[in-house]
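# Have a look at this prediction, sequence included:
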Amino acid sequence: MKAFCKLCSFAAALALALLVQPSSAQDADSQEVMRYTLTDAGLAKYTKASQNLAALPGGPPGCAKEDDSDSDSNSIAELAGKLDSTPGAKAAVQSAGMTSREYIVFSMSLLQSGIAAWGLSQPGGKLPPGVNKANVDFVNSHGPQLDQLKGLDKDCGEKEDAEEETDE
């Protein structure tokens, strides 16, 4: 696959940012992500916010080439601030009933739970310490809804890549 989901890469960058921050901030942010509970209501808001972000001129945050090189954010607060500083993004998230911070935490929890769900599906897989099993079960039981989020970056990147992907 030539093009990687920009919305997914944004979420992955968020998770990576937590790994490189100082210990005390990492602990607080990691604990917040681990305590977060994924719900149907949260997923509905997150889906709407993601759709709103994808509809922004230029696509969702992370589409612009200059965004790819800016990895100085290292906390949930800074990542939420970066999202808020993207033109139209704060309003896009708020109109779905979420704050930018909640959107970031939901993204990270979803990513963490998805990785854990994949790990559990592997031979000998075990739930990583601190990961909420209910969130892993949520991810496993909401596959079709989560799959709908994958195509939200279709206008992100060069049109050639999008055409090549549809031809495969």
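Happy to help now that I have it.
# pLDDT at residue 57, what is it?
We have a pLDDT of 85 for residue 57.
# Helix or strand for it, just tell me which one.
In the assignment (DSSP states H and E), residue 57 maps to no helix and no strand.
# got the phi/psi numbers for the residue nearest to it when sequence neighbours are not counted?
Nearest residue to residue 57, sequence neighbours excluded (CB to CB, 6 or more residues apart in numbering): residue 88, at 7.3 Å. C-beta here means a position set from N, CA and C on the backbone, and glycine is covered the same way. In terms of degrees, to the nearest 10, the main-chain angles of residue 88 are phi 80, psi -10.
# how many neighbours does the closest residue to residue 54 other than its chain neighbours have?
The shortest distance from residue 54 to any non-neighbouring residue, by CB to CB, 6+ apart, is to residue 152 (3.9 Å). As a burial measure, residue 152 scores 21 neighbours (other CB atoms under 10 Å).
# Which of the three states applies to residue 152?
Taking DSSP: H, G, I helix; E, B strand; the rest coil as the rule, one finds residue 152 in the helix state.
# Touching, the residue nearest to residue 57 and residue 59? I think so.
No: Residue 88 lies out of contact with residue 59 (CB atoms under 8 Å); the separation is 11.1 Å.
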